[in-house]
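J.: Got a predicted structure plus its sequence, pasted below:
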Amino acid sequence: MRQRLLWKLLVGHIVPVFAVFAFLIWRAIDRRAAVYLKGLEVDFHISPVGLHRQFLEAVHQNLFWDVLIALALTLFFTYLLTSWVLRPLLQITAVTKKVADGDYSERVKAVSRYEGGQLADAFNHMADNLEKVERLRKNMVADISHELRTPLTNLRGYLEGLSDSVIPPSPETFRMLEQEVLRLVSLVEDLQQLAKADAAEAFLDLQALSLHELLYQIMELYRPNFQNKEIDVRWLLDSGSDLVVADRDKLLQAIRNLADNAWKYTPPRGSVTISTQLEAETIKTVFANSGAIIGVNDIPYLFERFFRADRSRSRDAGGAGIGLAIVKELIEAHGGTVGAESDKEGTRVWFTLPKHDER
């Protein structure tokens, strides 16, 4: 590929230019020589026949070798320059073959600041994203398998025990089996919600909504849960931070997941503060809760699928680690952003949505 393209560039651009250039010089010399020698005949009565022929032969011979030497030097330096320009393309070709075979570790090594280097940087960025997507895919498959294995193993063990009459068929046993089945159902529903969130952008029914009303609606739904843990719920809703442009059902789902997280991870007799703030083009909503602090290294992964900041937390309390991933997909489908921070005062999870322009 390299040699074919390289020689096409050389032969297709350099040789025709030199051929035309040499032809034009050749013709110009012939014309100028004829005019000059004819002037000698008129002015000095010198016969130009033999002198004209000798002059043209000498000039043509010198011109031929000069053009040949110039062409060789031009081809040599152009070869070096073109090879340097094509180097990123050749590396990209080699790396592309490896990426196509599933090896995402290779990168193009190009230091040029010009188009070739920019192309190499763009390719490396694409390869980084592909490697990240592939890693997330593998992690997701492994995490789903792990999440399914625990309840299925429990179900299998107890069913075998019941079948072999090792475990008595008591109401407690059946309640435990029911809990394991409900855990599987919950995981499948979470995965279904995540799949819908991935495709949310294509099915948004955008309209002007009252953000405050939706927040009150979800928090009223969770009020018994907060009361059972004696959690103090506080509100800080800024004036003018109410109307947003969003899909009602999908925004309710995102708020519900944040409220569910706030209830689960706030310790008894703790506090949860819900606030909204008006920004330049967006409205920011913050769920802040007291309780366990999330490590700085864990914050960037908080919205990843199946990620748990506290890996020792039981799945009964911690869920499958999909809730915040669903929030991220839903909010970003609206053109918004999500984020989180944690310090000694507690944890704050926030999202932004485009505000409604009432003009």
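T.: Structure received.
J.: From now on I want contacts and neighbour counts done on CA atoms only, so please keep to that.
T.: Fine.
J.: Please enumerate the strands of the stretch 251-359 of the chain.
T.: 271-278, 282-289, 337-343, 346-354 (DSSP state E, counting those that start in this stretch).
J.: Show me what the second one is packed against.
T.: Spelled out, it's strand 282-289. Contacting strand 282-289 under the criterion 3 or more Cα pairs under 8 Å, 6 or more residues apart in numbering; DSSP states H and E are the following elements: helix 248-265, strand 271-278, strand 346-354.
J.: which outside residues touch the longest one?
T.: For helix 248-265, contacts defined as Cα atoms under 8 Å, 6 or more residues apart in numbering pick out 200, 205-207, 209, 214-215, 218-219, 222, 225-226, 272, 287-289, 291-292, 317-318, 323-324, 326-327, 330-331, 349.
J.: Go again with 7 Å.
T.: Helix 248-265 has contacts (Cα atoms under 7 Å, 6 or more residues apart in numbering) with 214-215, 218-219, 225-226, 272, 289, 291, 317, 323-324, 327, 330.
J.: tell me which helix or strand of the protein sits lowest on mean pLDDT?
T.: Lowest on mean pLDDT, DSSP states H and E among the helices and strands of the chain sits helix 315-318, with a mean of 47.
J.: Give me the mean pLDDT for stretch 296-303.
T.: Mean pLDDT, computed over stretch 296-303, is 78.
J.: gap between the two ends of that stretch?
T.: Its first and final residues considered, stretch 296-303 spans 14 Å by Cα to Cα, to the nearest Å.
J.: in that stretch, what counts as buried?
T.: For stretch 296-303, a neighbour-count test (16 or more other Cα atoms under 10 Å) marks 302-303 as buried.
J.: repeat for stretch 64-74
T.: Buried residues in stretch 64-74, counted by 16+ other Cα under 10 Å: 71, 74.
J.: just stretch 89-98 next, same as before
T.: 89, 91-92, 95-96.
J.: now do stretch 229-245
T.: Quick answer for stretch 229-245 (16+ other Cα under 10 Å): 231, 233, 237, 241-245.
J.: Now secondary structure, pLDDT and distance to Trp263 too, for those, in CSV please.
T.: Listed next are the buried residues of stretch 229-245 as CSV, based on DSSP: H, G, I helix; E, B strand; the rest coil; pLDDT from 0 to 100; distance: Cα to Cα, whole Å:
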residue, secondary structure, pLDDT, distance to Trp263
Ile231, coil, 93, 8
Val233, strand, 93, 10
Leu237, strand, 92, 20
Ser241, coil, 87, 24
Asp242, coil, 88, 23
Leu243, strand, 90, 26
Val244, strand, 91, 25
Val245, strand, 89, 27
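J.: Can you tell me which of those residues is nearest Val141?
T.: Val245 (34.6 Å; Cα to Cα).
J.: Distance check, the nearest residue in space to that closest one that is not next to it in sequence against Leu73.
T.: Nearest residue to Val245 in three dimensions, chain neighbours excluded: Ala208, at 4.7 Å (Cα to Cα, 6 or more residues apart in numbering). Going from Ala208 to Leu73 by Cα to Cα gives 70 Å.
J.: And Val141, by the same measure?
T.: Per Cα to Cα, Val141 is found 59 Å from Leu73.
J.: Please apply the same query to Asn261.
T.: For Asn261, the distance to Leu73 - Cα to Cα - is 72 Å.
J.: Any stretches of the stretch 101-250 of the chain with poor pLDDT?
T.: 110-116, 136, 139-140, 143, 146-147, 190, 193-202 (pLDDT under 70).
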